[in-house]
Structure formats: C-alpha cells, structure tokens
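> The sequence isn't on hand, but the structure is:
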C-alpha cells in the first residue's frame, strides 16, 4: 500500500509510486508523493466512510522542530503524477456557506502560510463530487497543470473557503494552467462566509486555465 510507504518515510522525503491502481485512502504530511504518470497510476478512494470529507488523499505541510533547537522547519510536499478518483458520487451542494460533508473529494489540503506552496500538479481528477478542497483560508496551495473531468452529479473542480484576508506579502493560492470541464455547479467556487471585501490581492491568483461546460 502507498500509505505504508508514506508512514515509513522521513519528513521532507519523497515516495515514488509505480504503475497500477491503488484502492485506499491516503494521508501524507510533509512527504511528497509522485506517481508514474496520470495515465499509469491511479488512486481510487472509497468516497465515504473513511473520514468526514470522503477524501481520497489528504495532504498537509508539517512544521516541526525535529532537532529540538528551537528552529522550526517547514516540510512542504508535492502531489504529482496520479489519476485520483473514487467509487462514489453524491450531489452535495452548499449549505450555510459551507461544503456539506457527504460527497467524495479527491484531495483535501491542510497547509500553513509560508513562502513555499504545497503543490498539486500534473494529476487527473474524475468521478468526484469535488476535486480539490482548500478547507480554510489559511491553507494555501499551488494547483497547476491538472485536468479536472466532471460529469453527472459532480459539483466542483476546486473549492476555496476564505474567512478573511491575509497580511502576508508572498503568493498565496495559485490555480494555473488547469483544464476544468463539465462540472454541474462550478469549475472553481470561492466562499467568503464573512466578507470577500476583506480579501487581499495576494490571497489567490486564478489564471491561464481552460474551463468549459461548467
């Protein structure tokens, strides 16, 4: 299993995954995960029952003082080279400015603000209610060169939730050079439960994407 390799890896390391289909829920913190290519390596999640979000992959940044010298290091992972899918689709929708926890999600991001962005690139997302979910405003990522393929009952390619603007000068969430097609509700949905007026120009950039039939 991929998860067994991730559990054995060191922070800042990389797990390389060979061709094949891997049926499991995966969680990686501070360890990069690189497949043999989206046409060769598939992670198929259960969609429901494993965690509240119904995710296939949970990826997060780790901030740790492993040397116990008072100097914290940031371990920022990359997820690349996979088809990410599930066996389950349920129209979930938006309720009270929040994503309802009933559908399948390809990747949930739990990150921290910093100069280097957690990166999700060169993947294919399909047969999912939601491709990538950025759960909180302060959990940024670079989502680059992916293909998001929707279909009947599949709601969103990417959902970002912002509760307020940030005061940080470096780039924040970047959605760039993706293909997003055939989602029933939106290609990219941005939620501002408090006020979008608080957002800063560095909070997110969406550019050079091909989107159609959303």
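Everything's here; your move. This one's a predicted model, so the numbers in the text were calculated from it and none came from an experiment. Residues are numbered from 1 along each chain as shown.
> Low-confidence regions, this protein specifically.
Along the chain, the parts satisfying pLDDT under 70 run over 47-53, 91-102, 136-138, 163-171, 193-195.
> One more pass at 90, please.
45-55, 62-74, 87-105, 109-117, 129-130, 133-140, 151-155, 159-173, 184-185, 189-205 (pLDDT under 90).
> quick one, helices of it?
2-8 (DSSP state H).
> who does the closest residue to residue 134 other than its chain neighbours bridge with?
Spatial nearest neighbour of residue 134, excluding adjacent residues (C-beta to C-beta, 6 or more residues apart in numbering): residue 160 at 4.6 Å. In this view, the C-beta of every residue, glycine as well, is placed from N, C-alpha and C. On the basis of DSSP bridges, residue 160 is bridged to residue 134, residue 190.
> how near is residue 160 to residue 43?
Computed as C-beta to C-beta, to the nearest Å, the residue 160 to residue 43 distance reads 22 Å.
> about what we covered before: got the contact list for the residue nearest to residue 134?
Residue 160 makes contact with 134, 137, 173, 188, 189, 190, 191, 204, according to C-beta atoms under 8 Å, 6 or more residues apart in numbering.
> Let's see that with 10 Å instead.
Listed by C-beta atoms under 10 Å, 6 or more residues apart in numbering, the contact set of residue 160 reads 109, 132-137, 139-141, 143, 172-173, 175, 188-192, 203-204, 206.
> Please produce a ChimeraX select command covering the buried subset of these.
Here is the ChimeraX selection string for the buried members of the contacts of residue 160, based on 16 or more other C-beta atoms under 10 Å:
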select :109,132,133,134,135,137,139,140,141,143,172,173,175,188,189,190,191,192,203,204,206
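> Out of the contacts of residue 160, list just those in strands.
Within the contacts of residue 160, residues falling in strands by DSSP state E are 109, 132-134, 143, 173, 175, 188-191, 204, 206.
> Between the residues you listed, which sits nearest residue 69?
Lowest distance from residue 69 to those (C-beta to C-beta) belongs to residue 109, with 28.9 Å.
> can you pull the contacts of the closest one?
55, 57-61, 79, 118, 120, 132-136, 139-141, 143, 160, 173.
> switch to 6 Å and redo it
Taking C-beta atoms under 6 Å, 6 or more residues apart in numbering, we find residue 109 in contact with 134, 139, 141.
> Tell me the one among those nearest to residue 124.
Closest approach to residue 124 among these (C-beta to C-beta): residue 141, at 17.0 Å.
> just checking, that closest one touches residue 114?
No - the pair residue 141 / residue 114 is not scored as a contact, 11.5 Å apart, by C-beta atoms under 6 Å.
> Count the neighbours of the spatially closest residue to residue 19 that is not a sequence neighbour for me.
The shortest distance from residue 19 to any non-neighbouring residue, by C-beta to C-beta, 6+ apart, is to residue 40 (4.0 Å). By other C-beta atoms under 10 Å, 15 other residues sit near residue 40.
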